[in-house]
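Asks: Quick one: sequence plus predicted model below, questions after.
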Amino acid sequence: MQYEELYQMYITLKKENEFLKNENKKMRELLESHGGIVNTEDEIIINEEMESYGDKRPIITEDNQIGKVSNMSTPKEKIHLFMSLFKGREDVYAKRFEKKDGKGGYSPVCMNEWKKWICNKPKIKCSQCENRKYSVLGFDEINRHLRGIEVLGIYPMLEDEKCFFLAIDFDDDGWEKDVTIIREVCKGKSIPFAVERSRSGNGAHVWFFFNESISAVIARKFGTAILTYAMDKRHEIKFKSYDRLFPNQDTMPNGGLGNLIALPLQKNSRGNNNSVFIDENFEPYSDQWLFLSTINKISKEDLDLYIIKLAVTNELGELMMIKNETVKPWDEVKEEPKLISSDFPDTVNIVIANMLYIHKKGFSNKVLNKIKRLAAFKNQEFYKFQAMRMNTFNKPRIISLSDETEDYLCIPRGCEDELLSLLSENNAYISLDNKTHPGKEIKVQFNGELRNEQVQAVEEMLKYNNGVLSATTAFGKTVIGANLISEKKVNTLIIVHTKQLLEQWIKRLNEFLIIDEVVIVEDNKKRGRNKIINVIGQLGGGKNRLSGIIDIATMQSLVREGEVKDLVKDYGMVIVDECHHVSAFSLEQILKNVYAKYVYGLTATPTRKDGHDPIIFMQCGPIRYKVDPIKQALKRPFEHYVIPRFTRFNIKNNIEKNQLTITDIYSQIVESHIRNKMIVEDVIECVKNGRNPIVLTERTAHVKMLSEELEKQLLDVITLTGAMADREKKKEMERLQAIPRERNFVIVATGKFIGEGFDESRLDSLFLAMPISWKGTLQQYVGRLHRLYENKYEVQVYDYVDMHVGVLEKMYQKRLKGYSAIGYWIKSDTKLSESINSIYNSKNFLTIYNNDVLSAKKELVISSPFISKISLTRLLENFKALLNTSVKIKIITRPEEDFNGASRENMKAIFEVLSKVGIDLVFKTNLYKKFAVIDNKVVWYGGINLLSYSNSEDSIMRLDNVEIANEILKDDDDEENEIPIQERFI
């Protein structure tokens, strides 16, 4: 196109633009003369509800406060009222989008959305985009929403983690009844509220408005208390209602905006009588604006009073207590109101089957709510994620295992003791109807001899029809399972989660049981002929050969397309091995379909990192017998040692530490030549000393790397990972079994593959080549060493302490506590017996530590992130005594700038005292290391703050080793700043 043509087009468009401007001006003047208004940006606001009211319109008062607004009011007045109630973040808002498939959602409105080379959608989230430029929520945006041009949502939580309103969403079946009860509660307590039918029409929001911004913690506590109180009036209100609060968590997730709520009164939805405020009959108010004008806002003082009135015990009410869960000393413990006889029926009818079925007739809602809560507990993952400012989406606050039918409330079998206790305490008459499956009687005998402690375990388990045996690895849980089968003499299903465990059970049962049964089935290959099959059947691991006598099945094989196979109902006894996996959804579903009379669980680690261990006990029953790991360690005919190996591993300098995840760090560990060299040299020396080690890591690439290096100098290196083909694993296992007893070997494997079910009694040394933190994983790993074997006099764990990386150092502190709990000692030198020391805790370390401090001759170096006045007062005289004998004292701690408010002033005063007496102070921001080094030889290292308070569970080790002392004292100024890793990865 030539220049002249472009210029002519420009002139034409310019004239057209002038014409349209004049036309718009005339239209605006015409509109104003008929009762419309024009805002400051010349944006027209149409009042579609005014025509029948003429000029009878309320006005905005002079002090800019809103008077009564009604359908007759101007759009401007309505919008001001709307914005005074539905106040969230104004620097960002969300707009609804619709996809081609009809599905929709909301996304933040960004001025750079879909701009080429600027917008990074959909590769990354808007909140993570460096080019994001959120649009501001204002008068015009609300206008477009109310007129039906757009559907907007707002973010309730402000940047300071406060909010101007709280909303509760109800959208399940029976939402009308739920809302009705909430209405009754609010009216009974004189709490102002408003109920809005949702956009879909299949639910409602209950709104509470505040006269000032309120802490989200307090607002959510208020909403939670209302729900808990209402559940006593209507037990059917679901626990997931606790997750339908706006805002949905106490803290703002890092990089996020919190949850959003759709704004009400959008025109298109209003046309269907949705997104409008409704009365107790679920009918829309005739004048929505007049209704909103009459809403009272709640003050902070009133909110606190409402919480006190509503929270009978605490805002979440009574739930199943989690092990180690304690009531905070500052939390007021209120007594639960007493139940009365009219709360119960004359006879409580309970059917025992796959669950406990409680007939609801005659119970009050209060009691049914109480029973339902026997099968519910706090989800520790939710609170962990919230505390770490991570998104809690799909993490419910309460996990509940109860079900409900029209006539029955159903809770898991493991809640029987608590249920009967509740009923007995209230003198209820109980009628039990046992509908469990007794199973088919089988002829079986035990072919072995139990140890004394195994006899005790079996006797205790046999007292009950369900329960968990918690015993350390190598205690003989499989043998005990075999004995239970021989005692109960009913057909049994054993559920495992790996093929390894399946094969191990087959081997053990063939060894310890004599089964006098014959199973004849039709031969599919030869018509009309039958064949005899093994009475120990198998489902999983590529085989489907069930006998109906004693069968072993992987949990994966028992579920097909999300449905549990009916065969699980055919057994009289079910044994779940490694039952801490019960909280996995599929295994939980399997046990909910089990009708067996006897249900037992076996595990070495009845606690779970995610805190879901109550599910184990609800489905399998409570712990009936627990083996003390320390006592068990003392009974074993060998010693148990941890050998800490301090590495020089650190993060590469060219990477921003605050951008790293634990996955990134693991990748660097795999590639660390110096660290790998240290491990390889230690393993080679270990084998040369006549030991049989196993090296465990979490990465397949690391296994390959270490194996290749070890194979250069060692003859027998066995490699095992889950990624290997079955034939490769089988080949490696055959190689292992073929190694003569007098020849030493090393296994290099991934922890997940070897952690459970691997049985090689010759192993006596473990190398933790990759850091772990969870005590359950640690117990599984070290358990590989605890099998009895001739001439096994000592088991050793080489633990690589990556002290220059904060998150890895913290993981070691957790492992240290784990070692202490299972009876391990510290050994700083593999050859010297005098290098052996205990792992101490905060209760027993002080006397020995003080003796070491007072014995200092040259220098005392203490690294403690925190210093308390109490500890300083207690230790100051000792420090002065040392200084008088010319001992140099250096304290490494955090600078006063790391603290705020009164804490900063306290630290400043403490530093002055220490400086005056002649102590050398070294400041390192974000210091995390906790240690003391005495005369460059004696080392105290671990999780205890030596100059401040410590957790009662914290541990610390004492080492007498010059090399370790030198490594710890190395100046690491560039290494001390802790990496803010999110612990979800650990």
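Replies: Now that the structure is in, tell me what you want to look at. Numbers count the residues shown, from 1 in each chain.

Asks: Show me the strands in the stretch 851-986 of the chain, by range?
Replies: Counting by DSSP state E, counting those that start in this stretch, the stretch 851-986 of the chain has strands at residues 859-863, 888-893, 920-923, 931-934, 938-942, 955-960.

Asks: of all the ones you listed, which gets the most neighbours per residue?
Replies: Mean neighbours per residue, mean count of other C-beta atoms under 10 Å, is largest over these for strand 938-942, with a mean of 25. Every residue, glycine included, has its C-beta placed from N, CA and C.

Asks: circling back: indicate which one of the strands of the stretch 851-986 of the chain is closest to residue 375.
Replies: With distances scored as C-beta to C-beta, the stretch of the strands of the stretch 851-986 of the chain nearest to residue 375 is strand 955-960 (35.1 Å).

Asks: quick one: the closest one to chain centroid distance?
Replies: Distance of strand 955-960 from its chain centroid, counting by C-alpha atoms, centre = their mean, to the nearest Å, is 31 Å.

Asks: Contacts for that strand, please.
Replies: 644, 813, 816-817, 819-820, 826, 828, 834-835, 837-841, 845, 848-849, 852, 930, 937-944, 965 (C-beta atoms under 8 Å, 6 or more residues apart in numbering).

Asks: Stretch 255-272 too?
Replies: Contacts of stretch 255-272 (C-beta under 8 Å, 6+ apart): 82, 86, 88-89, 92, 94, 96, 106, 108, 127-128, 142, 145-148, 151-157, 167, 169, 196, 198-199, 201, 205, 246-249, 252, 275-277, 288, 391.

Asks: taking these one by one, which sit in helices?
Replies: The helices, defined by DSSP state H, take in 82, 142, 145-147, 288 from these.

Asks: Which of these has the largest number of neighbours?
Replies: Highest neighbour count within the ones in helices among the contacts of stretch 255-272: residue 145, with 26 neighbours (other C-beta atoms under 10 Å).

Asks: how near is it to residue 272?
Replies: Residue 145 sits 16 Å away from residue 272, going by C-beta to C-beta, to the nearest Å.

Asks: And for residue 219?
Replies: 30 Å.

Asks: the more surrounded of the two?
Replies: When residue 219 and residue 272 are compared for neighbours, residue 219 comes out ahead with 28 against 12, by other C-beta under 10 Å.

Asks: Confirm for me that the more buried one is in contact with residue 166.
Replies: Yes - counting by C-beta atoms under 8 Å, residue 219 does reach residue 166; the two are 4.5 Å apart.

Asks: residues shared between the contacts of the two?
Replies: Common contacts of residue 219 and residue 166 (C-beta under 8 Å, 6+ apart): 208, 210, 247.

Asks: Backbone dihedrals for the last one, please?
Replies: Backbone dihedrals for residue 247, given as degrees, to the nearest 10, come out at phi -70, psi 160.

Asks: Which residues are in contact with it?
Replies: Residue 247 touches 156-157, 163, 166, 216, 219-220, 258-259, counting by C-beta under 8 Å, 6+ apart.

Asks: Just the ones in strands from those, please.
Replies: With DSSP state E as the criterion, strands contain 163, 166 from among the contacts of residue 247.

Asks: any chance of the contacts of residue 247 in a markdown table, with distance to residue 907 and pLDDT too?
Replies: Below are those laid out as a markdown table (distance: C-beta to C-beta, whole Å; pLDDT from 0 to 100):
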| residue | distance to residue 907 | pLDDT |
| --- | --- | --- |
| 156 | 37 | 98 |
| 157 | 32 | 97 |
| 163 | 34 | 98 |
| 166 | 38 | 98 |
| 216 | 30 | 97 |
| 219 | 34 | 98 |
| 220 | 33 | 98 |
| 258 | 34 | 92 |
| 259 | 38 | 94 |
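
Asks: And the buried ones among the contacts of residue 247, selectable in ChimeraX?
Replies: The buried residues among the contacts of residue 247 can be selected in ChimeraX (16 or more other C-beta atoms under 10 Å) with this line:
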select :156,157,163,166,216,219,220,258,259
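
Asks: what's the closest of the contacts of residue 247 to residue 664?
Replies: Nearest to residue 664 among the contacts of residue 247 is residue 258, at 27.1 Å by C-beta to C-beta.

Asks: So the closest one versus residue 203, what's the distance?
Replies: Counting by C-beta to C-beta - residue 258 and residue 203 are separated by 20 Å.

Asks: Could you give me the buried positions within stretch 383-393?
Replies: Neighbour-count burial for stretch 383-393, counted by 16+ other C-beta under 10 Å, picks out 383-386, 389-392.

Asks: Tell me which two in those are the farthest apart.
Replies: Using C-beta to C-beta, the two most remote members of the buried residues of stretch 383-393 are 383 and 391, lying 13.7 Å apart.

Asks: how many other residues sit next to residue 630?
Replies: The tally of other residues near residue 630 (other C-beta under 10 Å) stands at 13.

Asks: That one: which element?
Replies: For residue 630, the enclosing helix or strand under DSSP states H and E is helix 629-635.

Asks: Check which residues of that helix are buried.
Replies: Neighbour-count burial for helix 629-635 flags 629, 632-633 (criterion: 16+ other C-beta under 10 Å).

Asks: For residue 572, which non-adjacent residue is spatially closest?
Replies: Residue nearest to residue 572 in three dimensions, not counting chain neighbours: residue 439, with 1.4 Å by C-beta to C-beta, 6 or more residues apart in numbering.

Asks: Correct me if wrong: residue 422 contacts residue 373.
Replies: No - the pair residue 422 / residue 373 is not scored as a contact, 10.1 Å apart, by C-beta under 8 Å.

Asks: So the two - more neighbours on which side?
Replies: Using other C-beta under 10 Å, the more surrounded residue of residue 422 and residue 373 is residue 373, with 23 against 16.

Asks: Isn't the more buried one up against residue 316?
Replies: No - the pair residue 373 / residue 316 is not scored as a contact, 9.5 Å apart, by C-beta under 8 Å.

Asks: quick one: average confidence on the helix holding residue 630?
Replies: Confidence for helix 629-635, expressed as mean pLDDT, is 92.

Asks: what does it rub up against?
Replies: Under C-beta under 8 Å, 6+ apart, the answer for helix 629-635 is 453, 472, 475, 640, 779, 821-824.

Asks: Next step: the residues you listed restricted to helices.
Replies: 453, 779, 821.

Asks: Please pick the buried ones from those.
Replies: For the ones in helices among the contacts of helix 629-635, a burial check counting by 16+ other C-beta under 10 Å picks out 453, 779, 821.

Asks: would TSV of those residues with pLDDT and distance to residue 919 be doable?
Replies: Shown next, in TSV, are those (pLDDT from 0 to 100; distance: C-beta to C-beta, whole Å):
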residue	pLDDT	distance to residue 919
453	94	52
779	92	41
821	92	35
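
Asks: Dihedrals phi and psi, the residue nearest to the spatial centre of the chain?
Replies: Computing the C-alpha centroid of the chain and ranking residues by C-alpha atoms, centre = their mean puts residue 381 first, at 2.1 Å. When read as degrees, to the nearest 10, the backbone of residue 381 gives phi -60, psi -40.

Asks: Could I get the pLDDT score of it?
Replies: What the model reports as pLDDT for residue 381 is 90.

Asks: likewise residue 652?
Replies: pLDDT at residue 652 comes out at 75.

Asks: so is it in a helix, a strand, or just coil?
Replies: For residue 652, the assignment made with DSSP: H, G, I helix; E, B strand; the rest coil gives coil.

Asks: quick one: low-confidence ranges for the stretch 651-800 of the chain?
Replies: Low-confidence segments of the stretch 651-800 of the chain, defined by pLDDT under 70: 653-659, 755-757.

Asks: which residues of it fall in helices?
Replies: Here the stretch 651-800 of the chain has its helices, by DSSP state H, counting those that start in this stretch, at 662-671, 673-688, 700-711, 726-738, 751-754, 775-782.

Asks: export the ones you listed to CSV and tack on distance to residue 377?
Replies: Formatted as CSV, these follow (distance: least, C-beta to C-beta, whole Å):
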stretch, distance to residue 377
helix 662-671, 27
helix 673-688, 41
helix 700-711, 36
helix 726-738, 39
helix 751-754, 27
helix 775-782, 18
